[in-house]
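Novice: here is the input, now give the coordinates:
(one chain, ligands or ions: 1)
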Amino acid sequence: MVMSERLSQIPDSYFGKTMGQKVEHGPLPLINMAVGIPDGETPKGILDCFSKAIHIPENQKYGAFHGKDTFKQAIVDFYQRQYQVALDKEDEVCILYGTKNGLVNLPQCIVNPGENVLLPDPGYTDYLAGVKLADAIPVPLVLNSPDYLPEWDKVAQSVLDNTKLIYLTYPNNPTGSVATQNVFDEAIKRFKGTKTKIVHDFAYSAFGFDHKNPSILQSPQAKDVAIEIFSLSKGYNMSGFRVGFAVGNKEVIQALKKFQTHTHAGMFGALQDAATYALNHYDTFLEEQSATFKRRRDLFEAKLAEKHIPFEPMKGGIFLWLATPEGYDGEQFVKYLLEEQSILVAPGIPFGEHGRNYVRISLALNDAQLLEAANRLQSLSALYHKEGSVCDDKN
Ligand SMILES: Cc1ncc(COP(=O)(O)O)c(C=O)c1O
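Specialist: Got it, this is the predicted structure:
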């Protein structure tokens, strides 16, 4: 076999396998609710900046390995303005060619073979491959309904003692749960002075419906323990650009930067200029994005509630986490929804064992489609209220 043993023991990426594939569905027009990014376009000012920037001769050549000063300064200013967090632009900032890149490479940078890495279950699918590429041991950090927050006392001390890295992500993909500052304060307090580091994946930072999403770096002494990974993909509709950054703990940032000097030769200068422009000029756009998804959340949840279809309250992000009706696991329900209602959603199982009986529904659709999807789902309410089922009002 050509593929290395290490790579072949990593399961294929679920979304890598399914994205872009032709979908077989029932007679109704297809509504795709499996999409993982907001449906809008990159703001015009960012596009204009990018197109001008590609003509700048300096941007056509190798640049500084660790990024332009202007980009790093924009990151520092953004964190100060948005979260009142002060960062050192040389030691506490690492630019990333898409945050997936940083999230997957991080274990190779700081975890030794045989050490534990705690992964939220349910949680984002791509962390696992990174843990396996580092020959480390993935351990599920079980998040329970309805808040899907870490319950540290439920993790065995012997597991924690051998844990080098913990992934957290709020707003959570797939559950739509969010963290308060207290959640982060507690995590930092718990792991300060231990060998355990925390990475907080802040991909959906912009989308908080009942309060602004806190940064883990706002917690006291957070920089001793944590880094935060910030993506421009979702908030600014820039997923195709592939740009984000990591900020926080110096030693972790240094390790990531060292890795990058061996795997990258700097980030395309025009991309850095576009990202700089986004960070410096589009705070209001982030608020508008959140308002759009809050309005959609309100509409969609009201429609489900009207028919007593149970769902996990969506407090942030762009996804709603829906339990399957009795008799269906997530994959079976995905198939049923496609055949009967021509609605494509993501099954819960790629997000971990605790996602088995759920599906993830993306609200990245225009209002008309969202309403149509909600109406189609309403017509399934009988599945949730079979005589004797847990959701039956009579029980
Ligand atoms: C929770 C989470 N983290 C990270 C990413 C990666 O985003 P990007 O690499 O575009 O920054 C995604 C993308 O879907 C995500 O859902």
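Novice: what's the distance between residue 286 and the ligand?
Specialist: Counting by Cβ to the nearest ligand atom, to the nearest Å, the gap between residue 286 and the ligand amounts to 15 Å. C-betas here are computed from N, CA, C, even on glycine.
Novice: from residue 82, how far off is that residue?
Specialist: As defined by Cβ to Cβ, to the nearest Å, residue 286 lies at a distance of 9 Å from residue 82.
Novice: give me the pLDDT for residue 26.
Specialist: At residue 26 the predicted local distance difference test score is 88.
Novice: hmm, residue 223 and residue 188 touching each other?
Specialist: No. Using Cβ atoms under 8 Å, residue 188 makes no contact with residue 223, being 9.3 Å away.
Novice: more neighbours: these two, which one.
Specialist: For residue 188 against residue 223, the residue with the higher neighbour count under other Cβ atoms under 10 Å is residue 223, and the figures read 23 against 20.
Novice: what sits against that one?
Specialist: 92, 217, 248, 249, 250 (Cβ atoms under 8 Å, 6 or more residues apart in numbering).
Novice: give me the neighbour count for the first one.
Specialist: When neighbours are defined as other Cβ under 10 Å, residue 92 has 24 of them.
Novice: surely it and residue 247 touch.
Specialist: Yes. Between residue 92 and residue 247 there is a contact under Cβ under 8 Å: 5.8 Å.
Novice: which neighbours do the two have in common?
Specialist: By Cβ under 8 Å, 6+ apart, residue 92 and residue 247 have these common neighbours: residue 253.
Novice: pull up the per-residue confidence for the closest residue to the ligand within the stretch 251-395 of the chain.
Specialist: When distances are taken as Cβ to the nearest ligand atom, the stretch 251-395 of the chain reaches nearest to the ligand at residue 317, 8.3 Å away. The pLDDT attached to residue 317 in the predicted structure is 98.
Novice: now it. Nearest residue, chain neighbours left out?
Specialist: Closest residue to residue 317 in three dimensions, ignoring its sequence neighbours and counting by Cβ to Cβ, 6 or more residues apart in numbering: residue 171, at 3.6 Å.
Novice: tell me which parts of the stretch 201-350 of the chain are close to the ligand?
Specialist: Taking Cβ under 6 Å from any ligand atom as the contact definition, the stretch 201-350 of the chain meets the ligand at 201, 203, 231, 233, 239, 244.
Novice: try 8 Å this time
Specialist: With Cβ under 8 Å from any ligand atom as the criterion, the stretch 201-350 of the chain meets the ligand at residues 201, 203, 204, 229, 231, 232, 233, 234, 239, 242, 243, 244.
Novice: so what's the last one up against?
Specialist: Put plainly, it is residue 244. Residue 244 is in contact with 95, 96, 98, 99, 102, 229, 230, 231, 232, 233, counting by Cβ under 8 Å, 6+ apart.
Novice: just give me the closest of those residues to residue 143.
Specialist: For those, the closest approach to residue 143 (Cβ to Cβ) belongs to residue 229, at 18.5 Å.
Novice: state the three-state secondary structure for that closest one.
Specialist: The three-state label given to residue 229 by DSSP: H, G, I helix; E, B strand; the rest coil is strand.
Novice: partner residues bridging it?
Specialist: Applying DSSP bridges to residue 229 gives these bridge partners: residue 201, residue 246.
Novice: separation between residue 309 and residue 384?
Specialist: Between residue 309 and residue 384 the computed distance is 5 Å (Cβ to Cβ).
Novice: equivalent analysis for residue 176, please.
Specialist: Look at residue 176 and residue 384: by Cβ to Cβ, they are 19 Å apart.
Novice: residue 234 too?
Specialist: Residue 234 sits 30 Å away from residue 384, taking Cβ to Cβ as the criterion.
Novice: who has more neighbours out of these two?
Specialist: residue 234 (27 against 20).
Novice: residues contacting the more buried one?
Specialist: Residue 234 sits next to 37, 38, 203, 204, 206, 207, 289, 318 when contact means Cβ under 8 Å, 6+ apart.
Novice: count of residues packed around the first one?
Specialist: This means residue 37. 15.
Novice: leaving out the residues flanking it, which one is nearest to it?
Specialist: Nearest residue to residue 37 in three dimensions, chain neighbours excluded: residue 239, at 4.7 Å (Cβ to Cβ, 6+ apart).
Novice: which one is residue 183 nearest to, not counting chain neighbours?
Specialist: Excluding the flanking residues, the one nearest residue 183 by Cβ to Cβ, 6+ apart is residue 149, at 5.5 Å.
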